[in-house]
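Asker: Sequence plus the predicted model coming up.
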Number of protein chains: 2
Amino acid sequence: MEDLCLKTTLRLLQSADQIRARLSGDFSSVHGLSVNEVFLLMHLERAPLHRLSRIELARRMHISASTITRMAAPLEKIGVVSRQVDSRDARLAFVVLTEVGLEKLGEARATFAKQSGYVFRDRWTEGELEQLSDLLHRLTADAPGDLT
Amino acid sequence: MEDLCLKTTLRLLQSADQIRARLSGDFSSVHGLSVNEVFLLMHLERAPLHRLSRIELARRMHISASTITRMAAPLEKIGVVSRQVDSRDARLAFVVLTEVGLEKLGEARATFAKQSGYVFRDRWTEGELEQLSDLLHRLTADAPGDLT
DNA sequence: GCAAGAAGCTTGCATCTGCAAGTGATTCGG
DNA sequence: CCGAATCACTTGCAGATGCAAGCTTCTTGC
């Protein structure tokens, strides 16, 4: 049983590395956004008011707060997000998705979807895909920040 | 259908990030090896003569050759791998798993398995796990360097 | 109220990583 | 054979990332 867990975990991590490598290639060159940046925008899109604090973003993306700070800077510069300080709590500096960001995200998601299609094309039936999707959902559903 | 592909891909990547973050925490502190370094050792373990060229390692791990060069250096220093130049082709510099490395890998795999267990424990039946494992295997089986 | 602690964010430093260029070795076409 | 192309590897540089320390702003206990 423990071996089965190990095997599954290994396969999960290897699949992800493989897919991420594939996406990274054709991705940042197309929209000027990295895969991780698109994930950040997706989290904002799903949040109320299209905004999240940096700490909350870090939690949902499983990365450190300092990385969020450093990711947000260039995204602000190109105008896809903006900074918004909470009026009640001056500690909070929300990252807000802008109109431009929403638009960019739409384009990036299209590329993402197309590449995703290539990963599964032909050899997967819709039923198998749904099965895999549901099983994976059991892993992400508990954690904060499920994007699906 | 394309939406289903996208959703599945997102869940796969998110699950992997989640699990990788979990592993990274308790991991490098225990054995002095990072998750990626353990993956490297696992690839060597499965290879004939417990050795692979740097290029082949890079292909299997979906990372660049220069990263392999830089990962191998500290691993040599702590004695878990050694360097072996091919006698016929002086370009090839194999990374070889040592006895010490094999032993270290055993310990690391135990930790890995235990942590993997925590990911699925309780809420997963053996049947579900096998289903997930098989589905993921369809993604990794084609690529070079499946570790399972 | 006020001091102590906690929370959110940023910054310095070290590490990891990829890309492009460089080096040395091998193979191939003529 | 010999020059050109290819291959395996390394290295310089830039970007990404985490940790620990520091700053500012709440919150809590008294």
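Answerer: Nice, thanks for sending it over.
Asker: all strands of chain A, in order?
Answerer: Counting by DSSP state E, chain A has strands at residues A:51-53, A:81-85, A:93-97.
Asker: To residue A:21, which of those strands lies closest?
Answerer: Nearest to residue A:21, of all the strands of chain A, is strand A:81-85, at 26.2 Å by C-beta to C-beta. Just so you know, the C-beta spots here come from the backbone N, C-alpha and C atoms, and that holds for glycine as well.
Asker: Report the buried residues of that closest one.
Answerer: By 16 or more other C-beta atoms under 10 Å in any protein chain shown, the buried positions in strand A:81-85 come out as A:81, A:82.
Asker: now stretch A:134-148
Answerer: Buried, per 16+ other C-beta under 10 Å, within stretch A:134-148: A:135, A:136, A:137, A:139, A:140, A:145, A:146, A:147, A:148.
Asker: shouldn't the third one be in contact with residue A:147?
Answerer: No: in this structure, residue A:137 sits apart from residue A:147 without contact. The criterion is C-beta atoms under 8 Å, and the distance is 11.0 Å.
Asker: Now do the contacts for residue A:124.
Answerer: residue B:138 (C-beta atoms under 8 Å, 6 or more residues apart in numbering or on different chains).
Asker: and of the strands of chain A, who's closest to DNA strand D?
Answerer: strand A:81-85 (9.3 Å; C-beta to the nearest atom of the strand).
Asker: Convert the C-alpha atoms of that closest one to CSV, please.
Answerer: Only the C-alpha atoms of strand A:81-85 are listed here, as CSV (Å, rounded to 0.1, in the frame of the first residue of the first chain):
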residue,chain,number,x,y,z
VAL,A,81,-2.2,43.9,-12.1
SER,A,82,-2.3,46.9,-9.9
ARG,A,83,-1.6,47.5,-6.2
GLN,A,84,-4.4,48.4,-3.8
VAL,A,85,-3.9,49.2,-0.2
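Asker: What strands flank that strand, and is each parallel or antiparallel?
Answerer: Strand A:81-85 has the following strand partners under DSSP bridges: strand A:93-97 (antiparallel).
Asker: and the strand it pairs with, how far out from the chain's middle?
Answerer: For strand A:93-97, the separation from the chain centroid amounts to 16 Å (computed by C-alpha atoms, centre = their mean, to the nearest Å).
Asker: again with stretch A:45-64
Answerer: 10 Å.
Asker: quick revisit: now the strands of chain A as a markdown table including mean pLDDT?
Answerer: Shown next, in a markdown table, are the strands of chain A (pLDDT from 0 to 100):
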| stretch | mean pLDDT |
| --- | --- |
| strand A:51-53 | 98 |
| strand A:81-85 | 97 |
| strand A:93-97 | 98 |
